[in-house]
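Colleague: Here you go, sequence then predicted model.
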Amino acid sequence: MTGIPVQMDHAQLDTGSEPLAPEVPRRRKGTRKKQKLLFLRNGKSFTGLAILGFFAILAVIGPWIAPYDPSAMSPDVLQPPSGAHWLGTTHVGQDVFSQILVGTRGVMIVGFVAGIGATLLSILVGVSAGFLGGVSDELLSSLSNIFLVIPALPLIIIVAGQLPDAGGLTVALILAATSWAWGARILRAQTLSLRRRDFVEAARANGESTWRIVWFETLPNLTAIMASSFVGTVTFAILMQTTLAFIGVTSISDWNWGTILFWAEQQQALSRGAWWWFVPAGLCIAMLGMALTLINFGIDEFVNPRLRSTGASPRALRRRRISPRIGFTAVVREGAPAAGATTSRPDGATRPGASTAPTGATPSGRGTPTPGGPGTPGSTRDDRDTDGTTARKENAR
């Protein structure tokens, strides 16, 4: 039985004492904690989660802290922001701030219900199709292709026309039923790649059941894709719901940010100079969309090893004199050659950006260099290249 070689000094050999065990490097106490909080340490993901959390809190407590009834009329018509009405009033004296607070709940409910429903359907169909294969894969893939070509907007318009009282929950269910196909296709492709990996084959060889392999071996490796698909679906559902409310397809009695924009457009708030009527709702939509986008960027940097270090430590980029452009994530290649160095090519030329070996050195590590260098009499350097083609080249000459 072989073991780890341990160096022994002369004192240990003379006294016959047992050799000391090799020192095992200890992991720092905060390393594991930092790895768990790596996603939150990313500036993009932290900012996105903070903004999303703010709107989630407003969705819960918004109707309770609203100073006025959003539908109540008052004699204060088209008043700009003031102490009594923080975001001004509408053409009939309704408080815009109260409408924003009450409407946040409807937007968040539609977005998250649609996102959760579409993500669950995409996992069920995509993972099952990729893992089962055969006829099941063909049937589920055909089902995904059918739902890919179903347009969501005309379907919602038809349903809303048949159901005048269709609220946000109906819109969310329709969006979930028509938005899962893209995620299912992506999950199927990734599952096909994972089902033949070594760890899955090892679990199958150990006699693990199919459902356990799916739940404990496959799904954990699809977490990043599922999270990104969920964030994208929530963003699409929120934008779609506000768009439908803005064009008047859904019920105009249910307050949300799209309904506020609908009434502002109907009453020509822009031409009247009532900017406080539509600007707050537009800013809320933009801020929520930005938060979800930042979370998506943070997920990408967290799961991608090439982007993880650079995305988590922007100060390191500045120390390296790297200025990333807006919309692009800088990628630093570790072990890059020093600036100004050169490297040799097979034809004897050199190119900037890499280092060359000193005269007489043996890059391959074989043979003994001599002061004369390679090619001189008496040199014991092994001049064969790695693919063994030197002999053929000499014969050709």
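Modeller: All right, it came through fine.
Colleague: tell me the secondary structure for A59?
Modeller: Three-state call for A59 (DSSP: H, G, I helix; E, B strand; the rest coil): helix.
Colleague: residues in contact with it?
Modeller: Residues near A59 by C-beta atoms under 8 Å, 6 or more residues apart in numbering: 104-105, 107-109. For the C-beta atoms, the positions are set from N, CA and C on the backbone; glycine is no exception.
Colleague: Now the buried members of these.
Modeller: Neighbour-count burial (16 or more other C-beta atoms under 10 Å) applied to the contacts of A59 gives 104-105, 107-109.
Colleague: List the buried residues in stretch 113-128.
Modeller: 113-115, 117-119, 121-123, 125-128.
Colleague: picking up where we left off before, quick check, nearest of the contacts of A59 to F297?
Modeller: Here the nearest of those to F297, counting by C-beta to C-beta, is M108; it sits at 20.9 Å.
Colleague: nearest residue to that closest one other than its sequence neighbours?
Modeller: A59 (4.1 Å; C-beta to C-beta, 6 or more residues apart in numbering).
Colleague: hmm, back to that, restricted to helices, list the contacts of A59.
Modeller: 104-105, 107-109 (DSSP state H).
Colleague: Let's verify H85: helix, strand, or coil?
Modeller: H85 ends up coil, using three-state DSSP.
Colleague: Please list all residues in contact with it.
Modeller: H85 sits next to 76, 79, 95-97 when contact means C-beta under 8 Å, 6+ apart.
Colleague: Just the ones of those in helices?
Modeller: Residues from the contacts of H85 lying in helices, with DSSP H as the criterion: 96-97.
Colleague: which one of the contacts of H85 sits closest to Q241?
Modeller: Nearest to Q241 among those: V96, at 19.4 Å, using C-beta to C-beta.
Colleague: Looks like the closest one contacts S82 (just checking).
Modeller: No - with contacts counted by C-beta atoms under 8 Å, V96 stays clear of S82, the gap being 11.5 Å.
Colleague: the more surrounded of those two?
Modeller: Just comparing V96 and S82: by other C-beta atoms under 10 Å the higher neighbour count belongs to V96, 26 against 11.
Colleague: For the residue nearest to the more buried one when sequence neighbours are not counted, which residues are in contact?
Modeller: In this structure, V96 finds its nearest non-sequential neighbour in L87, 4.1 Å apart by C-beta to C-beta, 6+ apart. When contacts are counted by C-beta under 8 Å, 6+ apart, L87 touches 81, 95-97, 100, 276, 280.
Colleague: Swap in 6 Å and give it another go.
Modeller: Neighbouring residues of L87 by C-beta atoms under 6 Å, 6 or more residues apart in numbering: 81, 96-97, 276, 280.
Colleague: Out of these, who's the most crowded?
Modeller: Neighbour-wise, the contacts of L87 (other C-beta under 10 Å) top out at V96, 26 neighbours.
Colleague: In space, what's closest to P80 - neighbours in sequence excluded?
Modeller: G88 (5.1 Å).
Colleague: Strands of this structure, residue ranges please.
Modeller: 342-344, 350-352 (DSSP state E).
Colleague: Now do the last one, average pLDDT.
Modeller: Going back to what we said before, that points to strand 350-352. For strand 350-352, mean pLDDT rounds to 49.
Colleague: can you check the first one too?
Modeller: Across strand 342-344, pLDDT averages out at 48.
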